[in-house]
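Visitor: Here is the input, now give the coordinates:
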Amino acid sequence: MLYDIWTVFWRDWVVLKRRMTKFILSRMVAPMLYLVAFGWGLGRSIQVESGSYLDFLVPGILALNSMNISFNSITPVHAERIYHKSLEEYIIAPIWPDAFVIGKVLAAVLRGLISSAIIVALALAFGAHFTLTPLFLLVLVLNCIIFAEIGFIAAMKIRTYEEMSQVNTYILLPMSFLCGTFFSTHALPDLLRYVIELLPLTHTSYLLRGLGSGSQTALTSVLVLIIYALLGFVLGSRSFRRLTR
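Guide: Residues are numbered from 1 along each chain as shown. Model prediction:
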């Protein structure tokens, strides 16, 4: 099982390694724009209880970026299934179906963590202050896992490229702005806030912000993320196994 997972993961790592320079440079653009526009520009006129708005913003950007990178890193599986028809190579290969799911998710998580490391380096260069702890890194990994699994499920279910882009429009984009990344959800109307606080990105944003500033955090949010990760794996595994029948 572990060898099968490593085989799937290694294939994606070889591809990433050959494109590493382009990957790193492309992942620097959006975070720099966020840090300049919101951290230096808009942020200088905003005061928050925990300190500067830049310190408030960076954990939200980490949550947002790890969500987008992890999701988009695994969506090429959709092209392999629908257009290239290369997914059949994995289906007929002598590997466990779950190994394929885990290997692809781990490859997407690696991309998400590399991109997050770039943001951490840029944030420190911009003068942000936050603390990296083992629990902070665990939450970041869980967030990458959850949205990589969502990307995998979408890749297994959706039939056209246009529908894949709609997942970004109707699911990821609203979460990007509403799940505590740029402002506290307490500013939202109560009914909308209750719905938003059920979503995984909200828990990630609050956990990263609390852990990064050294303040108290609700560890139940970690449990919520673990449940989301386990549920995503079960649904992703079922979706892939249906293709093998």
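Visitor: contacts and neighbour counts: CA atoms only from here.
Guide: Will do.
Visitor: Surely residue 13 is within a helix?
Guide: Yes - assessed with DSSP: H, G, I helix; E, B strand; the rest coil, residue 13 lies in a helix.
Visitor: roughly how far apart are the closest residue to it other than its chain neighbours and residue 7?
Guide: Distances taken as CA to CA, 6 or more residues apart in numbering place residue 107 nearest to residue 13, at 6.8 Å, with adjacent residues excluded. Distance, residue 107 to residue 7, by CA to CA, to the nearest Å: 11 Å.
Visitor: These two - which one has more neighbours?
Guide: residue 107 (23 against 16; other CA atoms under 10 Å).
Visitor: Mind telling me what element that one is part of?
Guide: Element membership of residue 107 [criterion: DSSP states H and E] is helix 97-125.
Visitor: So for that helix, what gets flagged as buried?
Guide: 97-116, 118-120, 122-123 (16 or more other CA atoms under 10 Å).
Visitor: same question, stretch 17-34
Guide: 27, 31, 32, 34.
Visitor: Strands of this protein, start to end?
Guide: 47-48, 51-52 (DSSP state E).
Visitor: any idea which of the buried residues of stretch 17-34 is the one closest to residue 238?
Guide: residue 27 (32.1 Å; CA to CA).
Visitor: Please name the residues that touch that closest one.
Guide: 115, 118 (CA atoms under 8 Å, 6 or more residues apart in numbering).
Visitor: what's the spacing between it and residue 73?
Guide: Taken as CA to CA, the span from residue 27 to residue 73 is 12 Å.
Visitor: do residue 84 as well
Guide: According to CA to CA, residue 84 and residue 73 sit 17 Å apart.
Visitor: Those two: which is more packed in?
Guide: Shown here are residue 84 and residue 73; by other CA under 10 Å, residue 73 has more neighbours (22 against 11).
Visitor: Flag every buried residue along stretch 188-195.
Guide: For stretch 188-195, by 16+ other CA under 10 Å, it's residue 193.
Visitor: shift numbering so it begins at 9
Guide: Sure, I'll start numbering at 9, so the last one becomes stretch 196-203.
Visitor: I'd like the distance from it to the chain centre, please.
Guide: 23 Å (CA atoms, centre = their mean, to the nearest Å).
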